[in-house]
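**Student:** I need the structure of the sequence given here:
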Amino acid sequence: MSNGMYFLLAAAGLIVGYLVYGTFVVKVFGQDPSRPTPAVTKADGVDFVSMPVWKVWLVQLLNIAGVGPVFGPILGALYGPAALLWIVIGTIFAGAVHDYFSGMLSVRYGGCNLPVIVGNTLGTAAKYLMRVFAVVLLVLVGVVFAKAPAGLLAKMTPESLNFNMWLGIIFAYYFIATIMPIDKIIGRLYPLFGAVLLIMALGMTIMMFADPSVTFYNSAEWTNQHPKQLPLYPLVFITIACGALSGFHSTQSPIMSRCLSSEKYGKAVFYGGMVAEGFIGLVWATVGMSFYHGSGELAAALANGGPATVVHDSAIALMGSVGGILAILGVVALPITSGDTAFRAARLTIAEVFNYSQRPIPSRLILAVPLFAVGILLCQVGFDTIWNYFGWSNQSLATIVLWAGAVYLASRGRFHWICTVPAVFMTAVCTTFICWSPNLGFNIPIETSNIIGIAVAIALFVVFMIFGSKAKVVPDEPAEAQSKA
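**Tutor:** Alright, predicted model coming up:
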């Protein structure tokens, strides 16, 4: 079977997953369209702003779909068709569930940020830990999502506009977007960015099938195709992060939970936003497997400039100079529209810790300036180093959020397995990776690392089954309390 057929089956799987499993997840959670949302009860004109559902969906997609669903799947394509399988299964049963719960739990808890969600379900100690973890991850994301588009733009423009100049321009935009009311810049520019994004995704999809230069070579072998034979498990589940499951999304969903006018839109915005990102991941994983004939050729291209070179060369070759530039701009829009909200979420998280009002502009500046100073300093660190730390911390955060969702459901006597199963699996993945990784972890042989990962996952599962239903989870915030807040 060719990669083209794999792609079509995978895309169909995402659609069916949204319609069937997404509906089931919503039913288990128990959405209540009659319940007032924080966008209505806490409207402040800055962060709590009710917006049309189409705009909330588009902003959510652009917030979560950074460089991850492009660069990650391209790197994951080195492993062969297994990359497509993980994108589909991961999106439907893990990533979209994760995004839905992080968004809807924020709605139920008055529009709070991730640390409060985790604290309300897993306890006070987890909340304090998550505050530090979330801010560190958000700043890392902001840096990664500034350097990646700066590199792409530098390839497209004259030498006078070099990497550092583009990096400065992007950071200047991030700063303005971070301190301005969400509907003034983000709410107005994102529809334009969204149009470019759709041109990229649809255009690349059509040209993969229409351009005779692209050969969907047969790759029915489901064995590991990585040229260096790096272990498919757990690496493919860490490498393809944002295209299948991403903890970063749980820092972004609360931003849109403050703009949701009704709970009935939660499935489309949070679950559906992740499904759309999964489709983007499918596109670029298939490009990686099809534009280059074999993982060896793809690896050579990656060695000659990284994923940015793959994006540039494949887009120009498939869509021509004009269409290729639009496709590249679509890829540029993804990280830029996630980097600004990463810094915004970091600002809001810190403000929440100190109960520091963000209505006055000076109050926003007091928090934003130090955050950007740290981000600019981190830009001096190599991209690969930052990406590696981002990958593991990103999936670890997603695992914690899935456990929080499992405890939330178990404490209410609901079907917790929709969160428990992916939480157990990702616990094994993240533990195995940090034990095995020669660069970030303990450099333990892969066989031993697998045993440790499975043991830790089983241990946490046993603890959850004993204490999960008995956990003292904070009740949903009453609508009356939201109105008075």
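**Student:** poorly predicted segments of this protein, please.
**Tutor:** 1, 182-183, 186-187, 190-191, 215-222, 383-384, 479-485 (pLDDT under 70).
**Student:** mind checking the longest helix of it?
**Tutor:** helix 306-353 (DSSP state H).
**Student:** I'd like to know which elements the next helix or strand after that helix is packed against.
**Tutor:** The helix or strand immediately downstream of helix 306-353 is helix 361-378, counting by DSSP states H and E. Contact partners of helix 361-378 among helices and strands, from 3 or more CB pairs under 8 Å, 6 or more residues apart in numbering; DSSP states H and E: helix 124-156, helix 163-179, helix 306-353. For every residue, glycine as well, the C-beta is placed using N, CA and C.
**Student:** quick one, what contacts residue 262?
**Tutor:** 33, 37 (CB atoms under 8 Å, 6 or more residues apart in numbering).
**Student:** can you give me phi and psi for it?
**Tutor:** The phi/psi pair for residue 262 (degrees, to the nearest 10) reads phi -150, psi 150.
**Student:** for it, give its distance to residue 414.
**Tutor:** The spacing between residue 262 and residue 414, counted by CB to CB, to the nearest Å, is 21 Å.
**Student:** and for residue 53?
**Tutor:** With CB to CB as the criterion, residue 53 and residue 414 are 26 Å apart.
**Student:** again with residue 309
**Tutor:** 47 Å.
**Student:** again with residue 242
**Tutor:** Counting by CB to CB, the gap from residue 242 to residue 414 is 28 Å.
**Student:** again with residue 79
**Tutor:** Residue 79 is 36 Å from residue 414, by CB to CB.
**Student:** higher neighbour count, the two?
**Tutor:** residue 79 (25 against 15; other CB atoms under 10 Å).
**Student:** thought residue 224 was touching that one, still the case?
**Tutor:** Yes - counting by CB atoms under 8 Å, residue 224 is a contact partner of residue 79 at 6.0 Å.
**Student:** identify the contacts common to these two.
**Tutor:** Joint contacts of residue 79 and residue 224 (CB under 8 Å, 6+ apart) are residue 232.
**Student:** hang on, the earlier thing: and of the helices and strands packed on helix 361-378, who's closest to residue 211?
**Tutor:** helix 306-353 (5.4 Å; CB to CB).
**Student:** angle of the closest one against helix 163-179?
**Tutor:** 30 degrees (axes from the mean of the first three to the mean of the last three CA atoms, to 10 degrees).
**Student:** surely residue 156 meets residue 328?
**Tutor:** Yes - using CB under 8 Å, residue 156 is in contact with residue 328, at 6.4 Å.
**Student:** re the thing from before, let's have the helices and strands packed on helix 361-378 in TSV, adding mean neighbour count and distance to residue 209.
**Tutor:** Shown next, in TSV, are the helices and strands packed on helix 361-378 (neighbours: other CB atoms under 10 Å; distance: least, CB to CB, whole Å):
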stretch	mean neighbour count	distance to residue 209
helix 124-156	21	25
helix 163-179	18	33
helix 306-353	23	10
